[in-house]
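Asker: After the sequence you'll find the predicted model.
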Amino acid sequence: MIDLRLLRDDPDAVRASQRTRGESESAVDDLLRANEARRAAVQRFEALRAEQKQLGKRMPKAAPEERATLLARTKELAAEVKAAEAGVTAAEQEQRQAHLAIPNVVEPGVPAGGEDDYVVLREIGERPSLPTVRDHIELGEGIGAFDLERGAKVSGSRFYYLTGVGALLQLGLLQLAIAQALEHGLTPVIPPVLVKPESMEGTGFLGAHAAEVYRLEADDLYLVGTSEVPLAAYHAHEILADLTEPIRYAGWSSCFRREAGSYGKDVRGIIRVHQFDKVEMFSYCRPEQAAEEHLRLLGWEEEMLAKVEIPYRVIDVAAGDLGSSAARKYDCEAWLPSQQRFLELTSTSNCTTFQARRLNVRYRDEEGRTRPAATLNGTLATTRWLVPMLENHQQPDGSVRVPKALQPYLGGRDVLEPVRR
RNA sequence: GGAGACUUCGCCUAGUCUGGUCUAUGGCGCCGCACUGCUAAUGCGGUUGGGGUUUUACCGCCCCUCCCGGGUUCGAAUCCCGGAGUCUCCGCCA
């Protein structure tokens, strides 16, 4: 939810943001109107309620005949107050609707436009020159890293088993991520992956992405698509006592996505799957520190990418492709030799105070006032990373080189050789 | 799954039976001031959160907030109904 004070003080700033995103400007006026209506309703109610309380106070010490007149008026008032209160509730609901319809105000400098209007900030590392290119499926099955057929047999399409070196690669990668997170002072967290509707809603995943989410109807719980959800809801309805330094977590969890509407896209292999594992960074900080913190998270993502020795580029995602919560988003995309294209490996979002306002996460500033915190998130490692790792480190005989940083997790091996199945 | 107890302004707690004087008690903690040459101790004062109004700079005034949502009533922390959470016991499964 955007800041209503900003909306009232500078509605043009919000309109400009909507334009950059390619979204409706009239939504801004809808919210302004709804806010005004709400305030009017509140004033009506409060005036009546004040009178009711005044008269009620006189009741116990009123003389018998005075009491009769009082009673007549207060009875009347009781009905009016009740009606006015209903008016407030209705106006609040209407404002909330209008409020939720407006995505976060984009950060200055975000490229305008849609999915294809990103700006490439830099490209790091050398694309490998390969005489013969095998894709990750051929390589992974060759070295016995995963079993797609049995994944499909047991659970359906877009499921897989990680086996042998594949399981070790993933565990090593995630542990490497946790080790790095610890180095930088983040608190490692293994969160619940089933959450209540309000937690899912608070993080904004039941809006445009509702169809992406698995729901357990019998228990009214949702499977999270990222540990961002339980990490963001972790401090919901809290006032953080000290936020002079950002509070940072590194969540390790399985993630579940329905991938509805992605039929035919990356159907083979482990690029786009229903279940994967991820280490996700999550940061709470003061709003004025958020942009700086965002670059810090991006830096930590790049540090991880360097450790696994993958060529990648960094893009500044265009406004129309940000999602509702983010004010700015940087993606790191790995080079994929088999497809001669880039594949998203990490994504870091600065949600400013938008998400915290929904989840009611606040902090106390120097003057003792409570203010909404800023929240940010960013990817440190996922199952998907195995794809460019296999492809970029492949050798002509179908074996795969192990980056130095991961070798300890694979029993010291520096090459994974093809195995007979 | 069944039964019961509980949920009060950071923490603990009084108040609920017997509705109005609850504008919610006390302690701890925290903040400020005073005092003693420092510390400690003591004394005094302050300390839930949200919203409205004055276009929040401040002060003030008002409304809401005693787990949440309804209801009864002129009036609800207090009575009634529903829900959530915590704990205890029983059952079941590990």
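Answerer: In hand now; what should we look at?
Asker: So A:A291 sits against A:N350, correct?
Answerer: Yes. Applying CB atoms under 8 Å as the test, A:A291 and A:N350 come out as touching, 6.6 Å apart. Glycine gets a C-beta too; all of them are placed from N, C-alpha and C.
Asker: quick one: which of these two has more around it?
Answerer: Applying other CB atoms under 10 Å to A:A291 and A:N350 shows that A:N350 carries more neighbours, namely 30 against 18.
Asker: Relative to A:E107, how far out is the spatially closest residue to the more buried one that is not a sequence neighbour?
Answerer: Nearest residue to A:N350, sequence neighbours excluded (CB to CB, 6 or more residues apart in numbering): A:H294, at 4.2 Å. A:H294 is 9 Å from A:E107, where distance means CB to CB, to the nearest Å.
Asker: What of A:D116?
Answerer: Distance, A:D116 to A:E107, by CB to CB: 20 Å.
Asker: Repeat that for A:D277.
Answerer: A:D277 is 30 Å from A:E107, by CB to CB.
Asker: ok, back up a step: more neighbours: which of A:H294 and A:E107?
Answerer: A:H294 (27 against 19).
Asker: Wasn't that one part of a helix?
Answerer: Yes. Using DSSP: H, G, I helix; E, B strand; the rest coil, the assignment for A:H294 is a helix.
Asker: shaky segments in chain A?
Answerer: Applying pLDDT under 70 to chain A picks out residues A:421.
Asker: Spell out which residues make up each domain of it.
Answerer: Domains of chain A are assigned by automatic domain parsing as A:4-100, A:115-416.
Asker: out of those domains, deepest packed?
Answerer: domain A:115-416 (a mean of 19; mean count of other CB atoms under 10 Å).
Asker: quick one: that domain near RNA strand B?
Answerer: Yes. Shown here: domain A:115-416 in contact with RNA strand B (CB under 7 Å from any atom of the strand) through A:239, A:362, A:370.
Asker: Apart from its neighbours in sequence, what residue is nearest the second one?
Answerer: Using CB to CB, 6+ apart and skipping residues adjacent in sequence, the residue nearest A:R362 is A:T370, 4.4 Å away.
Asker: give me every residue that touches that neighbour.
Answerer: Residues near A:T370 by CB atoms under 8 Å, 6 or more residues apart in numbering: A:239, A:362-364.
Asker: Could you rerun that using 6 Å?
Answerer: Each residue near A:T370 by CB atoms under 6 Å, 6 or more residues apart in numbering is listed here: A:239, A:362, A:364.
Asker: At which residues are the strands of the stretch 151-300 of chain A located?
Answerer: For the stretch 151-300 of chain A, the strands defined by DSSP state E, counting those that start in this stretch cover A:161-162, A:187-189, A:194-195, A:214-216, A:221-223, A:239-240, A:247-256, A:275-285.
Asker: Each with direction, which strands does the fourth one pair with?
Answerer: This points to strand A:214-216. strand A:221-223 (antiparallel) (DSSP bridges).
Asker: can you list contacts of the strand it pairs with?
Answerer: Residues outside strand A:221-223 that contact it (CB under 6 Å, 6+ apart): A:194-195, A:200, A:213-215, A:256.
Asker: Just want the most central residue of chain A.
Answerer: Geometric centre of chain A, nearest residue: A:E228, 5.2 Å, by CA atoms, centre = their mean.
Asker: Return the backbone torsion pair for the residue lying closest to A:I143 once chain neighbours are set aside.
Answerer: Once flanking residues are discounted, A:I143 sits nearest to A:L416: 4.5 Å by CB to CB, 6+ apart. Backbone torsions of A:L416, given as degrees, to the nearest 10, read phi -110, psi 120.
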